[in-house]
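J.: Give me coordinates for this.
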Amino acid sequence: MQAFGVKLGAFLRGGEIIELVGDVGAGKTALTKGIAVGLGIHEDVQSPSFTISRVYETPRHLYLAHYDFYRLHDPGVMAEELREAVCDQQNITVVEWADIVKGVLPADRLSIHITPTAEHDRRLEIAAGGMISKELLRKLEK
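T.: As a prediction, the model looks like this:
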């Protein structure tokens, strides 16, 4: 998962939204850690399960905004924060457990469904919902 994340992170330029879907332990945070490495972030990326969000700065002065809504039952103020994050072209926004804030996410996002097939193997189903995410998907497929 991390290797794929590094590849994905290397293509990101700001303004992208990535939705990660999968059960607990599927590899969503591992993928996000790889994205951070691909963006040049050297900080230890941690799951924001308890804090709901974490932001990391890249060497190119972009920001990786990482959200995890697993423990959130009412979007409330977090929906507004997320709305602001996805509108900021300086952000690369990664969202885990996005079902509760589906209405906030724009259609133009890369959705990655992660399914474990063995202890260390995962199947990825990737869907692009708009021009930016479709271009990103084309780059990943090369």
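J.: use CA for all of it now, contacts and neighbours both
T.: Will do.
J.: Could you give the bridge partners of the residue lying farthest from the centre of the chain?
T.: Distance from the centre of the chain peaks at residue 118, with 22.7 Å (CA atoms, centre = their mean). Residue 118 has these beta-bridge partners by DSSP bridges: residue 121.
J.: Can you check what pLDDT the model gives it?
T.: Per-residue pLDDT puts residue 118 at 93.
J.: What residues sit buried inside the lowest-mean-pLDDT helix or strand in the chain?
T.: Every helix and strand of the chain was ranked by mean pLDDT, DSSP states H and E. The lowest is helix 76-87, at a mean of 87. Taking 16 or more other CA atoms under 10 Å as the neighbour-count basis, helix 76-87 is seen to contain the buried residues 78-79, 82-83, 85-86.
J.: residues in contact with residue 27?
T.: 1, 114 (CA atoms under 8 Å, 6 or more residues apart in numbering).
J.: all strands for this structure, in order.
T.: Residue ranges of the strands in the chain, as given by DSSP state E, are 17-21, 53-57, 63-68, 91-96, 110-118, 121-128.
J.: Return the most buried member of the ones you listed.
T.: When these are scored by mean count of other CA atoms under 10 Å, the highest mean neighbour count falls to strand 91-96 (a mean of 25).
J.: what angle separates that one from helix 76-87?
T.: For strand 91-96 and helix 76-87, the angle between their directions (axes from the mean of the first three to the mean of the last three CA atoms, to 10 degrees) works out to 130 degrees.
J.: coming back round to it: now do the least confident helix or strand of the chain against strand 63-68, angle only.
T.: For helix 76-87 against strand 63-68, the angle between stretch directions is 150 degrees (the same axes, to 10 degrees).
J.: can you list the residues that contact helix 76-87?
T.: Under CA under 8 Å, 6+ apart, the answer for helix 76-87 is 15-17, 65, 91-93, 101, 104-106.
J.: could you redo the last one with a cut-off of 6 Å?
T.: With contact meaning CA atoms under 6 Å, 6 or more residues apart in numbering, helix 76-87 is reached by residue 104.
J.: How about stretch 2-9?
T.: So stretch 2-9 is in contact with 30-31, 34-35, 37-39, going by CA under 6 Å, 6+ apart.
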